[in-house]
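1. missing the sequence, but the structure's below:
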Ligand code: AP5
Ligand code: MG
């Protein structure tokens, strides 16, 4: 089973993805975490990604598509995975659809975490004080919210045509939202 968790920055993709991955015994693939690790390790990919990441811009598809392909090809993801933070562009969505399609698989559910912008900003501000993620600066957060609307939100319509998008009210406690997701996917 392949489940995509879609939502704006701070909507809870990582939090809910982790809970879901543990419950279903599936790996969670998070492009943001892979990028942060590469930046920490100072790999050539990490150095290139940082030019975009710190400003809240998307890392270009030209360098992210290969990473997505490699992650989906991992043996752990053979029968399913929780996708957190990708696909995020039309080209990424096309790659995921094609890669899974070649294996006779498909995205089974898209969980769209619906959170007001006011709450997103509140959460990211709170996290900036605690964790200091470089892209949680007010300027980068503003850019991330815009980029989400421009490049990623259009994927909702793309997947809605297939009837696999579930809108999840993303405000409430973490447990309440996890319970709602469990109800939606039926396990
Ligand atoms: P990424 O790491 O994916 O970040 P994001 O999409 O901006 O989202 P966040 O990780 O900030 O939030 P989240 O939705 O996971 O929520 P979380 O559970 O953490 O991407 C970062 C950057 O990497 C991008 O800007 C881009 O540069 C690059 N990138 C990544 N993927 C890419 C791709 N595919 N293509 C190109 N570039 C890519 O929760 C947020 C906070 O709220 C936490 O503090 C959490 O504890 C709290 N919280 C969670 N749930 C609740 C709740 N119910 N109530 C109150 N607080 C809550
Ligand atoms: Mg995240």
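-> Happy to help now that I have it. Note that the structure is predicted; figures quoted are calculated from it, not measured. Residues are numbered from 1 along each chain as shown. Ligands and ions are numbered 1, 2, ... in the order given.

2. Spit out the contact partners of residue 65.
-> Counting by CB atoms under 8 Å, 6 or more residues apart in numbering, residue 65 touches 91-92, 95. Every residue, glycine included, has its C-beta placed from N, CA and C.

3. 10 Å instead?
-> Residues near residue 65 by CB atoms under 10 Å, 6 or more residues apart in numbering: 86-87, 89, 91-92, 94-96.

4. Tell me which two in those are the farthest apart.
-> Between any two of those, the greatest separation by CB to CB is 12.1 Å, found for 86 and 94.

5. Of those two, which one has the most company?
-> residue 86 (24 against 14; other CB atoms under 10 Å).

6. Let's see the pLDDT reported for the more buried one.
-> On the pLDDT scale, residue 86 is placed at 97.

7. hang on, it packs against residue 99?
-> No - applying CB atoms under 10 Å, one finds residue 86 not in contact with residue 99, separated by 11.8 Å.

8. residues shared between the contacts of those two?
-> 68, 71-72.

9. What is the distance between stretch 130-137 and the centre of its chain?
-> 18 Å (CA atoms, centre = their mean, to the nearest Å).

10. So it, near ligand 2 or not?
-> No - against ligand 2, stretch 130-137 shows no contacts by CB under 5 Å from the ion, the least distance being 9.4 Å.

11. where along this protein do the helices fall?
-> 13-24, 31-41, 44-53, 61-72, 90-102, 117-130, 138-147, 154-160, 174-185 (DSSP state H).

12. Many thanks, I have nothing further to ask.
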